[in-house]
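S.K.: Quick one, what's the 3D model for this:
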Amino acid sequence: MIKILFICHGNICRSPMAEFVLKDMVKTKNIQDQFFIASAATSTEEIGNPVHYGTRDKLAHYGISVAGKTAVRMKKQDYEAYDYLIGMDSANIRNMLRITGGDPSHKIYKLLEFAGSARDIADPWYTGNFDATYEDIVEGCEALLQGLQSTPPSPCKTKKPDEKEKKLPHSKSKN
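M.R.: Model (predicted):
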């Protein structure tokens, strides 16, 4: 079973959006039994609060429910419990590294790295643009899932005609 933890600042906008988008993708492919997918926050201010109405409404538009989800905080122990800890932006990554004490097993990534981009996923709490956030999260989750389903499952590679093979983040050596 592949265990994935999505992380953002408060666990009310981006990380639950990624959690439920990926859950929907694996359910659609009837492979949900191969995954354990969750989300958490790096901060404490939203702990116990429900998913933000903007995220909830955006996902409901696509028939995805977030019923019962409340914000939880990432713990140091999550590093050992999950195969992938995926943040939404550079600040999330810094906070994740602080919480975990480092990334010796190369489990920490930004979501859009799986789509070949170093871009952050903008926080709709500040931008109000849940559409752009949703599009970025779908792009990242599709690339992540495609990489995890490749044969063999790892490494995942992308290649342009004039370029040598480039490994996507989740194909890093797990030394």
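S.K.: Go ahead and confirm residue 138 touches residue 21.
M.R.: Yes - proximity of residue 138 to residue 21 meets the contact threshold set by C-beta atoms under 8 Å, at 6.0 Å. In short, each C-beta sits where N, CA and C put it, glycine included.
S.K.: who has more neighbours, those two?
M.R.: Between residue 138 and residue 21, residue 21 has the larger neighbour count (other C-beta atoms under 10 Å), namely 22 against 18.
S.K.: per-residue confidence for residue 164?
M.R.: On pLDDT, residue 164 comes in at 34.
S.K.: before we move on, what about residue 121?
M.R.: With respect to pLDDT, residue 121 has a value of 98.
S.K.: Next, count neighbours for it.
M.R.: By other C-beta under 10 Å, 27 other residues sit near residue 121.
S.K.: Identify the residues contacting it.
M.R.: Going by C-beta atoms under 8 Å, 6 or more residues apart in numbering, residue 121 touches 14, 88-89, 110-112, 133, 136-137, 140.
S.K.: Would you verify that it is located in a strand?
M.R.: No - Residue 121: not assigned to a strand; according to DSSP: H, G, I helix; E, B strand; the rest coil it is coil.
S.K.: Use 726 as the first number for this chain going forward.
M.R.: Renumbered: residue one is now 726, and that last one reads residue 846.
S.K.: Next, find the distance separating it from residue 742.
M.R.: 9 Å (C-beta to C-beta, to the nearest Å).
S.K.: Find residues that contact each of the two.
M.R.: Shared contacts of residue 846 and residue 742 (C-beta under 8 Å, 6+ apart): 858, 862.
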